[in-house]
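Trainee: next one to model:
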Amino acid sequence: MKPVIGIAAQILKDTTDQFVGQEYIRLNEDYIRAVTKAGGIPMVLADLPAEDLKVLIRYCDGLILSGGWDIDPLLFGENEHPKLGRINRKNDDFFLDALHIAQDRRLPVLGICKGHQLLNVAYGGTLYQDLESQKEGAFRHVQTGERADYSHSVRIEADRWLSDLYPERIDVNSFHHQAIKDLGNGLRSAAQADDGVIEAIEHEKELVFGVQWHPEMLLSRNEDKALALMKKFVQCCAKNKN
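Mentor: This is a model prediction of the structure:
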């Protein structure tokens, strides 16, 4: 039986039409398509009381934390930087609840973009709230091209979860201005950009992984290359299930 992959969706507030302030649960269809093509069954997870969320995650074999708005800096002990983007603490707390439930069940977890950053915060790490103004030598990480365009390259580190999938350097897309600063407890870097920004992480002992780029968005450009990462995660979930 295919593994069920829970995908934590975003909580977004409408700011553009007659429903200003209305909250929506949103998940880009790319995630659904990527998990399906990788051999999993996607289950979209919305913000629920923790006890109810436990019921849903009981049916999951793995968890993906999706991309979205900036993370509330109070979660890593800082005040808001002038260039901090939009935040939604409710969304951050929901992601943390889902992660803690998955950890209790020893499920594999994959964080993508914001999800990658939130994993680091959950393990006690910190973030750059704005790369351009806080990290000397950082280049632009918010690309102007289409979502499936490549923006910059990353160096895959040896003996990491990505090193048997890709050569030493690969091209990725990029849609973030926050990034990992100090690594959380038990986490290690798995890939870095040329400016030193940590682009992928893994836990030393747990089945916890993160990437700063969006592999699910790259399927339309190079499906085999983009899908390799998702397939490895889904296969990890299937193996862990057995």
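Trainee: C-alpha from now on. contacts and neighbour counts both.
Mentor: Noted.
Trainee: any idea of the pLDDT on the nearest residue to Arg155 once chain neighbours are set aside?
Mentor: Leaving aside its chain neighbours, Arg155 sits nearest to Arg169 (4.6 Å; criterion: CA to CA, 6 or more residues apart in numbering). Arg169 is assigned 95 on the pLDDT scale.
Trainee: mind listing the helices for the protein?
Mentor: Along the chain, counting by DSSP state H, helices occupy 29-37, 50-57, 89-104, 114-122, 131-134, 223-241.
Trainee: out of these, deepest packed?
Mentor: helix 114-122 (a mean of 27; mean count of other CA atoms under 10 Å).
Trainee: my guess is Asn79 contacts Pro73. True?
Mentor: Yes: look at Asn79 against Pro73 with CA atoms under 8 Å: they come within range, at 6.0 Å.
Trainee: got any ranges where the protein has weak pLDDT?
Mentor: 14, 17, 242 (pLDDT under 70).
Trainee: let's see it at 50
Mentor: Along the chain, segments meeting pLDDT under 50 are nowhere present.
Trainee: quick one on the thing from earlier: which stretch among the helices of the chain comes nearest Gln212?
Mentor: Within the helices of the chain, the stretch nearest Gln212 is helix 114-122; the backing value is 6.0 Å (CA to CA).
Trainee: and the angle from the closest one to helix 89-104?
Mentor: Taking axes from the mean of the first three to the mean of the last three CA atoms, to 10 degrees, one finds that helix 114-122 is oriented at 70 degrees with respect to helix 89-104.
Trainee: which residues sit against helix 114-122?
Mentor: Counting contacts by CA atoms under 8 Å, 6 or more residues apart in numbering, the residues outside helix 114-122 that touch it are 64-71, 75-76, 92, 95-96, 110-111, 126-127, 179-180, 183-184, 187, 200-201, 209-212.
Trainee: can I get stretch 129-142 as CSV, trimmed to CA atoms?
Mentor: Extracted C-alpha coordinates of stretch 129-142, given in CSV (Å, rounded to 0.1, in the frame of the first residue of the first chain):
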residue,chain,number,x,y,z
GLN,A,129,15.3,37.6,9.1
ASP,A,130,16.6,39.3,6.0
LEU,A,131,19.6,38.0,4.1
GLU,A,132,20.4,41.1,2.2
SER,A,133,20.8,43.3,5.2
GLN,A,134,22.0,40.7,7.8
LYS,A,135,24.4,38.4,6.0
GLU,A,136,27.5,40.0,4.4
GLY,A,137,28.1,38.8,0.8
ALA,A,138,24.7,37.2,0.4
PHE,A,139,23.3,37.3,-3.1
ARG,A,140,19.7,37.7,-4.1
HIS,A,141,17.6,34.7,-3.1
VAL,A,142,14.3,35.9,-4.3
